[in-house]
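**Q** After the sequence you'll find the predicted model.
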Amino acid sequence: MDEVKLRPFEKDDLEWLVDAHARLYTHDEGFDDSFGPLVRSILEDFLAGHDPACERGWMAQEGDQRLGSIFCVRLTADTAKLRLFLLLPEARGHGLGRKLLGACMDFAKGAGYAGMRLWTHESHRAACALYARSGWQLEASKSVHSFGQDLVEQTWTYRF
């Protein structure tokens, strides 16, 4: 993992990222086939109209192999939203998640946001532990039925 680079998300990454999300969330979480189209819609919206001054996506890549992603998008004028944070299983446990999260948070702060927010599921224990170690606060949890599963949705916030 020493040769992993973070680079900007590009249009050519869309199909890979949709497939990776759909595959991993089906395998790990039992999500149904509604998740992939949601990821596609998020990425298509990003490509169609993001403001590069305050919104950015990153891909983690080693050589020709894509390993993960993270996105910072505008939620409100002073709050950024973290989206589509993903690491392939073989890329986990090497500090790459911390590197992606740091890049996203540094960008948000540099873009002038006062804070950040994200939504995730309680079952993503490693990601939630990373958020907590990085100073994020768990703001709310609620039971939901999404993507064919009963889940506990969480809202996390961070203030700069």
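**A** Ah, there it is.

**Q** Determine the three-state secondary structure at the most centrally placed residue in the chain.
**A** What sits nearest the mean C-alpha location of the chain, by CA atoms, centre = their mean, is F85, with 1.9 Å. What DSSP: H, G, I helix; E, B strand; the rest coil gives for F85 is strand.

**Q** and it, what is it in contact with?
**A** Listed by CB atoms under 8 Å, 6 or more residues apart in numbering, the contact set of F85 reads G68, S69, I70, F71, G97, L100, L101, C104, L118, A127. No exception for glycine: its C-beta is placed from N, CA and C like everyone else's.

**Q** Tell me what the fourth one is bridged to.
**A** Listed beta-bridge partners, F71: G57, R83 (assigned using DSSP bridges).

**Q** can you tell me which residues contact it?
**A** Residues near F71 by CB under 8 Å, 6+ apart: F9, F46, E55, R56, G57, W58, L82, R83, L84, F85, C104.

**Q** avg pLDDT for stretch 147-160?
**A** Summarised as a single mean, pLDDT over stretch 147-160 is 95.

**Q** ah, wrong one, I meant stretch 72-84
**A** Averaging pLDDT along stretch 72-84 yields 98.

**Q** ok so, going back, nearest to P89 among the contacts of F85?
**A** Sorting those by distance to P89 puts G68 at the head of the list, at 10.3 Å, by CB to CB.

**Q** The closest one and L118, how far apart?
**A** 15 Å (CB to CB, to the nearest Å).

**Q** At which residues are the helices of this protein located?
**A** Secondary structure of the chain (DSSP state H): helices at 14-29, 35-49, 96-110, 125-133.

**Q** The shortest one versus helix 96-110: what angle between them?
**A** Helix 125-133 and helix 96-110 meet at an angle of 40 degrees, taking axes from the mean of the first three to the mean of the last three CA atoms, to 10 degrees as the criterion.

**Q** in helix 125-133, what's buried?
**A** By 16 or more other CB atoms under 10 Å, the buried positions in helix 125-133 come out as A127, C128, L130, Y131.

**Q** want to throw those residues into a markdown table with pLDDT?
**A** Listed next are the buried residues of helix 125-133 as a markdown table, based on pLDDT from 0 to 100:
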| residue | pLDDT |
| --- | --- |
| A127 | 93 |
| C128 | 95 |
| L130 | 96 |
| Y131 | 97 |
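
**Q** What lies in contact with stretch 12-32?
**A** 9, 33, 35-36, 39-40, 43-44, 47, 59, 66, 69, 84, 86, 88-89, 121, 123, 147-149, 151.
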